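1. Structure for the following, please:
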Amino acid sequence: MLRVAVLALLWGSGYLWTGLALRHGLSPLHITVVRAVLGAGVLLLLARLSRQHLPRGAGVWRRIAVAALLCNTLPFFLAAQGVRTVSTGLAGVLNATTPLWSLLIGLALGTERDRRPVRFAGLLLGFAGVLLIFSPWSAPSSSAAGGSTGWGVLALLGAALSYAVAFAYMGRYLTGTGTGAGTGAGTDARAGGGTGPLAVSAAQLTAAAGLGALALPAGGTSTGWTDPVALAAVAVLGIFCTGFTFHLNYRLIALEGPTAAATVGYLLPVVSTALGALVLHEPLGARTVAGMAVVLAGVHLARHRRPAPTPPTTSVPAASSASVPAPPAASVPAAPAASVPAAASASVPAPPAAPASAPPTASAPAPPTAPSAPPTAPPPPTAPPPPTAPPAPTAPPAP
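-> Got it, this is the predicted structure:
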């Protein structure tokens, strides 16, 4: 639970640090590039400590570059652009619509097999909450009044959609092989010396920083390079909210399973809303709060998975010995009637009751008993099956 709380706090506070950097003079593009550079530096260091090397091959790097554009450069820039006119709390809620977009993409491509009505209801309910937040039938409100409408909402929804497209792309081309691209060159990170999830994530953020740097000439200038608040905010955003969250998310999946990691998605809007209200004193209207609740309810239904079927249990009959035929009752021929004493049930035969004058009668000798079957040798022990190696961990989805 502590890992979940730390990850939710770091991840959910990203919009707070983005808002502080914007207020103190940094532009969205500069925030994007610095965030990617610092995050890549953290992951490169962690990958080196884990003895993981960067992927090799031009084909692999082309796919990493596409994933970096969709999962890092573009959503980082759109999120920073959206926070300029939208409250950080609302930004966290709009980012939580990523599972809705993922479900919609899966249905469109035919890769989503779980088509239960409850998931369709979650999809419709989630987007109804977004429509309630956007409220196109009302007059646009200013950022001072909560910033719940305008281009900022569209930018944040575009960031969530970009994440969903990136996850579909990464699930097809970058996960399951260590290096992706089906090269088979990856090895288990725990064994050392291979290309593991940390190295792939570091390569992805490095590519994102390079793509952002190519756009810097068109990004304008920033006045916050000498502002300590802006520098501290973008440093926390890059080192902790980007670099360490990649590593923490991977560790959480490995140690506590994907269910615990999925729980973080529900906590991010709560953290971003609470920090925005406490630190930045952002107001929240009743319509925005209602829309946030509807969005989270829809996301919960859309992420609901079909429970795994329980294997049938085989009942054992009460009288299991009845299935084995009993041996014949008389395995030894019976003795003649004259030789059987009167009290046959006694453990010691009773003395004869004949008078002394009667001549003694000769008792028939007992028939020989059948020799018992020789003991059978126990079967030779079978060798246990060789242990199978654990599957290699896959790279976790990028935040």
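2. Okay, helices next: where are they in the chain?
-> Along the chain, the stretches classed as helices by DSSP state H are 2-12, 14-23, 28-49, 58-68, 74-83, 88-95, 98-109, 117-134, 151-173, 197-214, 228-238, 245-256, 258-279, 286-302.
3. how about those, which one is nearest Gly220?
-> Checking the helices of the chain against Gly220 by C-beta to C-beta gives helix 28-49 as the closest, at 7.5 Å. Yep, even glycine has a C-beta here, placed from its N, CA and C like the rest.
4. Give the rounded mean pLDDT of the closest one.
-> Across helix 28-49, the average pLDDT comes to 96.
5. my read: Ile31 touches Ala235, true?
-> No - in this structure, Ile31 is not within contact of Ala235 by C-beta atoms under 8 Å, at 11.2 Å.
6. the more surrounded of these two?
-> Ile31 (29 against 15; other C-beta atoms under 10 Å).
7. which non-adjacent residue is nearest that one?
-> Ala80 (4.9 Å; C-beta to C-beta, 6 or more residues apart in numbering).
8. I'd assumed His30 was in contact with that neighbour.
-> No - taking contacts as C-beta under 8 Å, Ala80 lies outside contact range of His30: 9.1 Å.
9. Compare neighbour counts for the two and give me the winner.
-> Of the pair Ala80 and His30, Ala80 is the one with more neighbours under other C-beta under 10 Å, namely 27 against 22.
10. got the angle between the helix or strand of the chain with the lowest mean pLDDT and helix 14-23?
-> Lowest on mean pLDDT, DSSP states H and E among the helices and strands of the chain sits helix 258-279, with a mean of 78. Going by axes from the mean of the first three to the mean of the last three C-alpha atoms, to 10 degrees, helix 258-279 is angled at 40 degrees with respect to helix 14-23.
11. for helix 258-279, packing partners?
-> Where contact means 3 or more C-beta pairs under 8 Å, 6 or more residues apart in numbering; DSSP states H and E, helix 258-279 is packed against helix 2-12, helix 14-23, helix 88-95, helix 245-256, helix 286-302.
12. what comes up buried for that helix?
-> Across helix 258-279, burial judged by 16 or more other C-beta atoms under 10 Å covers 261, 264-265, 267-273, 275-276.
13. so where is this protein shaky, pLDDT-wise?
-> 1, 134-149, 176-194, 257-263, 304-399 (pLDDT under 70).
14. Please repeat the previous calculation with a cut-off of 50.
-> Scanning the chain for pLDDT under 50 picks out the ranges 141-148, 177-193, 316, 318-367, 369-374, 376, 382-383, 387-399.
15. sorry, back to before: so which of the helices and strands packed on helix 258-279 gets nearest Gly57?
-> helix 245-256 (22.1 Å).
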